[in-house]
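[1] Need a 3D model of the following:
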Amino acid sequence: MSRTRLVGIAAIAVTSVLWGTTGTAATFAPAAGPLAIGAAALGAGGLLQAAAAAPALRAAWPSLRAQGRVVAWGAVSVGVYPLAFYSSMRAAGVAVGTVVSLASAPLVSGLLERFAERRPLSRSWMLAAALGVAGSVLLCASRMSGPESSAIGILAGIGLGLVAGATYAAYSWAASRLMRSGVDRAAAMGAVFGGGGALLVPVLLLTGAPLVESPRAFLVAGYMALIPMFCGYLLFGIGLARVPASTATTVTLLEPAIAAILAVAVVGERLTSLAGIGLAVIAGALLVLTVLPAGTSHPADRAAETPPSRGLPPPDVA
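    All right, here's what the predicted structure looks like:
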């Protein structure tokens, strides 16, 4: 495996650890609804991304304008994702909402790369995606021993989870597409997440009152915006510049595993043997992505491994 790919997977793995803390953090602000939590997390986090990337955004403005549709696609997806994700967890439960959202994302990412970019999917990715989804389902099944939700709530949660998974895959693909077309990493992430953050500001203004009613709720909102979202998406951008979006969304199946571990360590939930098997299967998915060859190389890998040829134009990686 190339050093470039290994760094990308490591960056996204750390991102997944940070994202895995959000469910536990949200339990410390029970009065805040899912729309408020989602809007605060990615709304404020996205605007921070854009502010940090302001110089890069100015420099890349002509390229971003030329790819306005991709930027808009990513920004709208960022705006929809947290609302659907946190609402899914509220409707169907944390386990079902998280697993449906995250387990569907790699599959959508793979379809986007296969049909939108005509890029063949490697056997190692397909194996890793299958293992990751299976492990997440086992983890989900092990954590459904709490109070049962209504059938309508579960169905609504599953539907919202599928929306969350699709939009997560969509904004990951959009940011990756911008980077592969030559847009600076900071500018690509700043444009997509800054646009999404701006779309979430009205939602935060309408629903965010409970987040400022107590110091604890305010700290929860600040933590989620700064650490899992702002810092997490900085690392996510580093990873997307080095591996395909399908690989990135597969690695982030670590998130429900981290969430389960924190639920045991912090919230006091019990980890069953079925959950242990699910964690082991997810670890196997990461091992497949790390050890087995990727099959088809990512443009970032080719750029890092192939010296430039003098007098020849760069390859088209769009």
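
[2] C-alpha only now, for contacts and for neighbours.
    Fine.

[3] List the contacts of A10.
    The contact partners of A10, by Cα atoms under 8 Å, 6 or more residues apart in numbering, come to G239.

[4] how near is it to L127?
    19 Å (Cα to Cα, to the nearest Å).

[5] what do you get for A54?
    Taken as Cα to Cα, the span from A54 to L127 is 40 Å.

[6] same check, this time on Y233
    The value you get for Y233 to L127, if Cα to Cα is used, is 26 Å.

[7] Now the element after the longest helix that the chain contains, going C-ward?
    Longest helix of the chain, by residue count under DSSP state H: helix 151-180. Going down the chain from helix 151-180, the next helix or strand is helix 185-207, by DSSP states H and E.

[8] Show me which positions of that next one end up buried.
    Within helix 185-207, the residues scored as buried using 16 or more other Cα atoms under 10 Å are 185-201, 203-204, 207.

[9] what sits against G46?
    190, 193-198, 229-230.

[10] out of Y233 and L127, which sits in the busier spot?
    Using other Cα atoms under 10 Å as the criterion, Y233 and L127 rank with Y233 on top: 27 against 14.

[11] That one against V14, yeah?
    No - in this structure, Y233 is not within contact of V14 by Cα atoms under 8 Å, at 10.4 Å.

[12] The host helix or strand of L35 packs against which elements?
    Assigned by DSSP H and E, L35 belongs to helix 34-38. Helices and strands touching helix 34-38, by 3 or more Cα pairs under 8 Å, 6 or more residues apart in numbering; DSSP states H and E, are helix 68-92, helix 185-207.

[13] Quick check: next helix or strand after the shortest one?
    Going back to what we said before, that points to helix 185-207. Per DSSP H and E, the first helix or strand lying C-terminal to helix 185-207 is helix 215-224.

[14] And the first one, by the same measure?
    Past helix 68-92, further along toward the C-terminus, the next helix or strand under DSSP H and E is helix 94-111.

[15] For the following helix or strand past that next one, which residues meet the burial criterion?
    For helix 94-111, the following helix or strand on the C-terminal side (DSSP H and E) is helix 123-142. Buried residues in helix 123-142, counting neighbours by 16+ other Cα under 10 Å, are found at 124-126, 128-142.
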